[in-house]
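Peer 1: here is my input, please return the structure:
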Amino acid sequence: MKLGSKTLLVLAGVLTFSVALNFGILQNLVFPSFVSLEEEAAEQNLNRVTDALKGEFRSMAAFAADWAHRDDTYEYAGGENDSFEEDNLYVDSLSAINVSFMYLFDSAGEILWYGIFDLETGDPLPSDGFLLNNLSSTHYILHHPDTQSLHTGFAITTLGPIFFASSPILTGDSEGPSRGSFVIGRFLDNSELARLREQTHVDFQTRPLDDGTLPSKEQQTVASLKTAGDTLVSELDDSTLSGYALLREAGGVQALLLRADTPRKITAIGRETINYALLFMVMVGLVGMVAMWLLLRSVVIGPLSSLTQKVLSIAKAKDRSRRLALDRSDEIGILAKEFDGMLDELLETEGLAVLGKITATVSHELRNPLGAMRNSVFAIAESTRGKGLGIERALERVDRNIQRCDGIIGDLLDFAEQRELDTAAIAIDNWVEQMLDRQDVPEGITLSRSLDAPGAEAFVDAGQLACVIDKLVDNACQAIAEAETSGDEDVATEVRIETRLAGDRLEISVSDEGPGIPPEVLPKIFEPLFSTKGFGVGVGLPTAKRIMELHGGGVEIASAPGRGTRALLWLPLCGTQQAAA
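Peer 2: Below is the predicted model of the structure:
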């Protein structure tokens, strides 16, 4: 199958997978959030209704306590105020506080006065068989064990569900003893429900639990509420989500099932949003796939086909001198240029291999004449010593430059050889102490040490690690000498070597207070053959980095212009190296 056909199939597959993936994400991750929001809205609507009912209870309880804790009511309950009924107990007094009934009981539970009215018409309602007309003195509605007692709740009566408040009759100072009970309330009828629906902006209804009219689904809901908790949200139908709660009588008996309905507008919006999103994705995907195909065919597939034909023709002709010479600035042009360059490199490979061997041989062989030159300089110096010829400083400069050349050759060989490690467990502080005792530094520069890792051991190749430290100390000395040469008389002539434990690794640092490294140079210091010095080939730090990484550690350089340089070497401790191995 050709690249064009494969590309078309891939694009179609990507579009299909993308649509399927997005549908799965929308359906399983996004849509459930709409459902959760809708369930929260249903629960909020249910809470709004129950909060409204609690507010009605609080208002009714306040009226009941206000009427019951009055001196004239207290006197009336004790048979001492004959004008109380005429002055206070009439239909307007009930409608003023929006209650349907009012009862006054004495301490024995006998009715002193009562009234039951239709609030809309003001007509009295029949009281035969009404719950409050048949209460015993021990009934929970009339039972007030102390002066703080106040009952509110629902009850089922022959005239329908009611909600009421009952307070003990006390003095105006709310003191006893109680002379009875004052009970007020309203019928939870259609007009009251309509008023509460308008107040809460929630469509809800109540059903008695024991009248035998509950549908089977709501009977199951009641059973779930009795076992699972006080509220429950479930789906009534495809368009409605209902929240349920049990409303209890003041005595704790479950009296009414409250159902608050919430239209399923949120999930409907969610489904519509998902459908539009999928349709949009499909349309955008189709347009994008066609555009991508045309673009790939014009920019990639066509040029690649042409490039392939040219490469095959070169391979068939076996002519390494031929080139693609494709004049393009994009990746295909780069590929063609790299192919042409590869052909050039193929022609040069053998020469480069020979050149590498020659470099190693020449570097090795240069040491022989350099050694002879150094011996000759030493002999001349010895033979002319004390004769006043004035060539001593010249001979010293020759000797220093011979040493530099020898060092450069050594650096090149070390970088090229990449010797394997020959490690042994070494107590680092003792080893560093001994190594520094043998360290040669230029005159006027001092080595200070602070070794704070007593007894700590690491597996190291002592020879190669010594080369690393030597190189860092030499760099620090050169930095101090450079600062002195530039006229900085305040530069500290101290190179500080420190060791310490840092978690599971051992650190060795070499620091100086020389001129520091410029910020633009610092990122390049580990690049092979990069150097800002007037001598050297730039392989010292790359070699140090390689050696430390072979040890399982590393090297870090921190520097700022005018504030010196700190080179940090770190090694894993013996136990850490064994665990890693």
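
Peer 1: secondary structure element holding the residue lying farthest from the centre of the chain?
Peer 2: Ranking residues of the chain by C-alpha distance from their mean position (CA atoms, centre = their mean) puts Lys387 at the top, at 80.6 Å. Using DSSP states H and E, Lys387 maps to neither a helix nor a strand.

Peer 1: roughly how far apart are the closest residue to Gly463 other than its chain neighbours and Asp461?
Peer 2: Closest residue to Gly463 apart from its sequence neighbours, by CB to CB, 6 or more residues apart in numbering: Asp422 at 7.6 Å. Bear in mind the C-beta positions are built from the backbone N, C-alpha and C, glycine included. Asp422 sits 5 Å away from Asp461, taking CB to CB, to the nearest Å as the criterion.

Peer 1: give me the contact list for stretch 548-566.
Peer 2: 421, 423, 458-461, 464-465, 468, 475-476, 479, 505, 509-519, 522, 525, 541, 544-545, 567-572, 577, 580 (CB atoms under 8 Å, 6 or more residues apart in numbering).

Peer 1: list only buried entries from the residues you listed.
Peer 2: 423, 458-461, 464-465, 468, 475-476, 479, 505, 509-517, 522, 525, 541, 544-545, 567-572, 577 (16 or more other CB atoms under 10 Å).

Peer 1: just the ones in strands from those, please.
Peer 2: 458-460, 505, 509-512, 567-572 (DSSP state E).

Peer 1: which one among those residues gets closest to Leu159?
Peer 2: The shortest approach to Leu159 among those belongs to Arg505, at 86.7 Å (CB to CB).

Peer 1: which residues sit in contact with that closest one?
Peer 2: Counting by CB under 8 Å, 6+ apart, Arg505 touches Gly553, Trp570, Leu571, Pro572, Leu573, Thr576.

Peer 1: what of Phe164?
Peer 2: Neighbouring residues of Phe164 by CB under 8 Å, 6+ apart: Met60, Ile141, His151, Thr152, Gly153, Ala155, Val183, Ile184, Gly185, Arg186, Ala250.

Peer 1: how about low-confidence regions in the stretch 251-400 of the chain?
Peer 2: 251-254, 318-321, 343-365, 367-368, 400 (pLDDT under 70).

Peer 1: would you map the helices across it?
Peer 2: 265-296, 302-317, 331-384, 392-417 (DSSP state H, counting those that start in this stretch).

Peer 1: could I get these as TSV with distance to Asp92?
Peer 2: Below are these laid out as TSV (distance: least, CB to CB, whole Å):
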stretch	distance to Asp92
helix 265-296	44
helix 302-317	96
helix 331-384	94
helix 392-417	110
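
Peer 1: any chance of these in TSV, plus distance to Phe204 and mean neighbour count?
Peer 2: Formatted as TSV, these follow (distance: least, CB to CB, whole Å; neighbours: other CB atoms under 10 Å):
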stretch	distance to Phe204	mean neighbour count
helix 265-296	17	14
helix 302-317	70	13
helix 331-384	67	12
helix 392-417	86	15
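
Peer 1: of the ones you listed, which is nearest Val91?
Peer 2: Val91 lies closest to helix 265-296 among the helices of the stretch 251-400 of the chain, at 43.7 Å (CB to CB).

Peer 1: which of the helices and strands in this protein ranks last by mean pLDDT?
Peer 2: When the helices and strands of the chain are scored by mean pLDDT, DSSP states H and E, helix 574-580 comes last with a mean of 57.

Peer 1: would you mind writing the CA trace of stretch 170-184 as CSV?
Peer 2: C-alpha atoms of stretch 170-184 as CSV (Å, rounded to 0.1, in the frame of the first residue of the first chain):
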residue,chain,number,x,y,z
LEU,A,170,-47.3,30.9,81.7
THR,A,171,-47.1,34.4,83.2
GLY,A,172,-45.9,37.4,81.3
ASP,A,173,-42.5,36.7,82.8
SER,A,174,-42.6,33.1,81.4
GLU,A,175,-42.9,31.7,84.9
GLY,A,176,-45.0,28.9,86.1
PRO,A,177,-46.6,26.8,87.3
SER,A,178,-48.2,26.1,84.0
ARG,A,179,-52.0,26.5,83.9
GLY,A,180,-52.5,24.5,80.7
SER,A,181,-51.6,24.6,77.0
PHE,A,182,-52.1,27.0,74.2
VAL,A,183,-52.2,25.3,70.7
ILE,A,184,-52.5,27.0,67.3
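
Peer 1: buried set for the helix or strand hosting Asp72?
Peer 2: Using DSSP H and E, Asp72 sits in helix 71-77. By neighbour count on 16+ other CB under 10 Å, the buried set for helix 71-77 is Thr73, Tyr74, Glu75, Tyr76, Ala77.

Peer 1: from the residues you listed, which is closest to Leu278?
Peer 2: Closest to Leu278, out of all of the buried residues of helix 71-77 and judged by CB to CB, is Thr73, at 69.9 Å.

Peer 1: for that closest one, report the pLDDT, please.
Peer 2: Note on Thr73: pLDDT of 92.

Peer 1: surely it touches Phe84?
Peer 2: Yes - using CB atoms under 8 Å, Thr73 makes contact with Phe84 at a distance of 7.1 Å.

Peer 1: ok now stretch 326-343, how far from the chain's centre?
Peer 2: Centroid displacement of stretch 326-343 relative to its chain, using CA atoms, centre = their mean, to the nearest Å, is 44 Å.

Peer 1: what's it in contact with?
Peer 2: Taking CB under 8 Å, 6+ apart as the rule, stretch 326-343 contacts Val299, Val300, Pro303, Leu304, Leu307, Lys310, Val311, Arg320, Arg323, Leu324, Ala325.
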